[in-house]
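**Student:** All I have is the shape, not the residue letters:
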């Protein structure tokens, strides 16, 4: 059984400052230092600021770099930054970049690039938005130095700039970072350890990366997302295989080296295989999510959202998603179980549910008349599809008219950005899952936020949650933060119902035993990885 509590205690450190496969023969002809990786989804977007999709976040860590990164104890460490100072009044943070940093087009990394990148990220990411609320100005003082001036102290500055997961504050050249944050960048030019080979990108099939010869790793040992990012592979091929059985077969046959997320029912396929290792490299786990569209009927009515809450049985979801109980647990905590802000406050309906009769009464009170409800799903994302099928059955049992709109994940993440009615391509519900670091605190959990037009897809509007979140950032100590986090959860479960957690689970990964150096993290990092 995975010890969620033990790994959750590590997370408290965060708050210390607070395709066609082709032929096997064809593959054999590629370079020996080629790593063939089967990603969790098709790469459709190359802009990790525009989307929170994890496949794009993972892409971002290959191509881009960050000013700071979190280590295994969730403490921020410098990455692109060489040194920094903070004024006595905590209102001026001055950063100096490491010497010799270059973009993939050969031009030097400048402070102006970082200024534009931080500003763009700060318009999309909830943590970044809270930072920008207190920013007076961000200015480039020279080619290698920039200053962030604040209107009031922001103790979590380095945690924000070193945010681990979506949206990660990746640095881009100024010309790309000046792109409207609600539009996608036209190309991916970063300064990270690998270059994206756009000419070989075939959406629905393959994405290719090559080692960046100009990258200068830090001298420290790798630790989570921090330290020396030493590229030991010359070429990485992401081979998109939507059928999980085919993907498992490719790994067993040696036609792929690493399968990011094999489905739980396929894990026995690898049992006893002397050439394949199944490992849990993400000990923190993940949280299943059922997300509402708050701006379109019928879930613009909070009674309808509460009705769905009363239909959720987390055990059904987790059995469908993760199978073996050793890989999952039920959890009603908005800020994850095992973390410093775990609480059951306000979660009685989810904890004691499901309650079909109460759900039906709420549906009746809401005035629902059988209108079609579009539930988005992704057939190439087993975790998403498994949850969607459970939801379809539960909602139909309550008399709701559910239309399961199945597509691939790339189409889903594009469609969920639409605010149009369902007859114009909009949606009512979708499923996803989030890495525990994305939910660990009010600074990180974007799905609970209620900042209307700036909120995550679904766009809840809850001024009380926003005020409580602002108060959390200003809280004097951890105990005060815990009280405010509980108050946020009570508001979420009693009024706004921004989403429903469907449980907490870990996802094993599988790779050939000649692959070494895989870093224990909730994200597949490709530096330090060797193919023997």
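**Tutor:** Looks like it came in fine. Everything numeric in this text was worked out from a predicted model, so none of it was measured. Residues are numbered from 1 along each chain as shown.

**Student:** Please work out which residues outside the longest helix seen in the chain touch it.
**Tutor:** In terms of residue count, the longest helix belonging to the chain (DSSP state H) is helix 382-397. With contact meaning CB atoms under 8 Å, 6 or more residues apart in numbering, helix 382-397 is reached by 244, 261, 263, 288, 290, 308, 311-313, 316-317, 320-321, 354, 356, 373, 375-379, 402, 404, 406, 409, 412, 429-433, 502, 507. All C-beta atoms are positioned from the backbone trio N, CA, C, and that covers glycine.

**Student:** Okay, and which of the residues you listed map to helices?
**Tutor:** Short answer: the contacts of helix 382-397 in helices (DSSP H) are 244, 308, 316-317, 320-321, 356, 409, 412.

**Student:** Now do the contacts for residue 290.
**Tutor:** 308, 312, 387, 391, 429, 431, 499-502.

**Student:** How many neighbouring residues does residue 172 have?
**Tutor:** Residues near residue 172, counting by other CB atoms under 10 Å, number 30.

**Student:** my guess is it meets residue 63, correct?
**Tutor:** No: using CB atoms under 8 Å, residue 172 is not in contact with residue 63; the gap is 9.5 Å.

**Student:** list the residues that contact both of those two?
**Tutor:** residue 190.

**Student:** Which stretches in the stretch 1-150 of the chain count as strands?
**Tutor:** Here the stretch 1-150 of the chain has its strands, by DSSP state E, counting those that start in this stretch, at 34-38, 68-70, 76-78, 81-86, 92-97, 135-140, 145-150.

**Student:** highest average neighbour count across those?
**Tutor:** Among these, the stretch with the highest mean neighbour count (mean count of other CB atoms under 10 Å) is strand 68-70, at a mean of 25.

**Student:** Would you check that residue 305 makes contact with residue 291?
**Tutor:** No: if you go by CB under 8 Å, residue 305 and residue 291 don't touch, sitting 10.3 Å apart.

**Student:** circling back to that earlier point, what is the orientation angle of the longest helix of the chain with helix 314-322?
**Tutor:** 150 degrees (axes from the mean of the first three to the mean of the last three CA atoms, to 10 degrees).

**Student:** check contacts around residue 132.
**Tutor:** 119, 122-123.

**Student:** quick one: the strands in the stretch 401-532 of the chain?
**Tutor:** Counting by DSSP E, counting those that start in this stretch, the strands of the stretch 401-532 of the chain are 401-407, 429-435, 499-505, 509-512, 515-516, 530-531.

**Student:** These: which one's closest to residue 452?
**Tutor:** Comparing the strands of the stretch 401-532 of the chain against residue 452 with CB to CB, the closest turns out to be strand 499-505 (15.5 Å).

**Student:** tell me what that closest one is packed against?
**Tutor:** Counting contacts by 3 or more CB pairs under 8 Å, 6 or more residues apart in numbering; DSSP states H and E, strand 499-505 is packed against strand 286-292, helix 314-322, strand 328-329.

**Student:** Does anything pack onto the shortest one? Which helices or strands?
**Tutor:** Put plainly, it is strand 328-329. helix 314-322, strand 499-505.

**Student:** Just name the most buried of these.
**Tutor:** Ranked by mean neighbours (mean count of other CB under 10 Å), the helices and strands packed on strand 328-329 are led by strand 499-505, with a mean of 27.

**Student:** neighbouring strands for that strand, and are they parallel or not?
**Tutor:** Neighbouring strands of strand 499-505 in its sheet, by DSSP bridges, are strand 286-292 (antiparallel), strand 328-329 (antiparallel).

**Student:** Could you list the low-pLDDT ranges of the stretch 151-300 of the chain?
**Tutor:** Nowhere does the stretch 151-300 of the chain drop to pLDDT under 70.

**Student:** all strands of it, in order?
**Tutor:** 194-196, 206-211, 235-239, 258-259, 276-279, 286-292.

**Student:** before we move on, back to that, most tightly packed of the strands of the stretch 401-532 of the chain?
**Tutor:** strand 499-505 (a mean of 27).

**Student:** export the helices and strands packed on strand 328-329 to a markdown table and tack on mean pLDDT and distance to residue 48?
**Tutor:** Output for those, formatted as a markdown table (pLDDT from 0 to 100; distance: least, CB to CB, whole Å):
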| stretch | mean pLDDT | distance to residue 48 |
| --- | --- | --- |
| helix 314-322 | 96 | 25 |
| strand 499-505 | 97 | 22 |
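
**Student:** any idea how far residue 87 is from residue 285?
**Tutor:** 39 Å (CB to CB, to the nearest Å).

**Student:** quick one, phi/psi of the residue nearest to the spatial centre of the chain?
**Tutor:** The structure's the chain has its C-alpha centroid closest to residue 166; by CA atoms, centre = their mean the separation is 4.3 Å. The phi/psi pair for residue 166 (degrees, to the nearest 10) reads phi -50, psi 130.

**Student:** who's in contact with it?
**Tutor:** 48, 51-54, 57, 125, 438.

**Student:** Apply 6 Å and report the result again.
**Tutor:** 52, 57 (CB atoms under 6 Å, 6 or more residues apart in numbering).

**Student:** To residue 487, which of the strands of the stretch 151-300 of the chain lies closest?
**Tutor:** Nearest to residue 487 among the strands of the stretch 151-300 of the chain is strand 286-292; the distance by CB to CB comes to 20.0 Å.

**Student:** relative to strand 429-435, how tilted is the closest one?
**Tutor:** 150 degrees.

**Student:** Tell me the gap between strand 286-292 and the middle of its chain.
**Tutor:** Chain-centre distance of strand 286-292: 12 Å, with CA atoms, centre = their mean, to the nearest Å.

**Student:** again with stretch 315-323
**Tutor:** 21 Å.

**Student:** Would you mind pulling the contact partners of that stretch?
**Tutor:** Residues from elsewhere that reach stretch 315-323 (CB under 6 Å, 6+ apart): 264, 288, 328, 383, 386-387, 390, 502-503, 505.

**Student:** Residue 206 - how many residues pack around it?
**Tutor:** 19.

**Student:** Ok, the one 5 residues further on next?
**Tutor:** Using other CB under 10 Å, the number of residues around residue 211 comes to 17.

**Student:** Repeat that for residue 344.
**Tutor:** Residues near residue 344, counting by other CB under 10 Å: 15.

**Student:** for residue 410, same thing?
**Tutor:** That count, for residue 410 with other CB under 10 Å as the rule, works out to 22.
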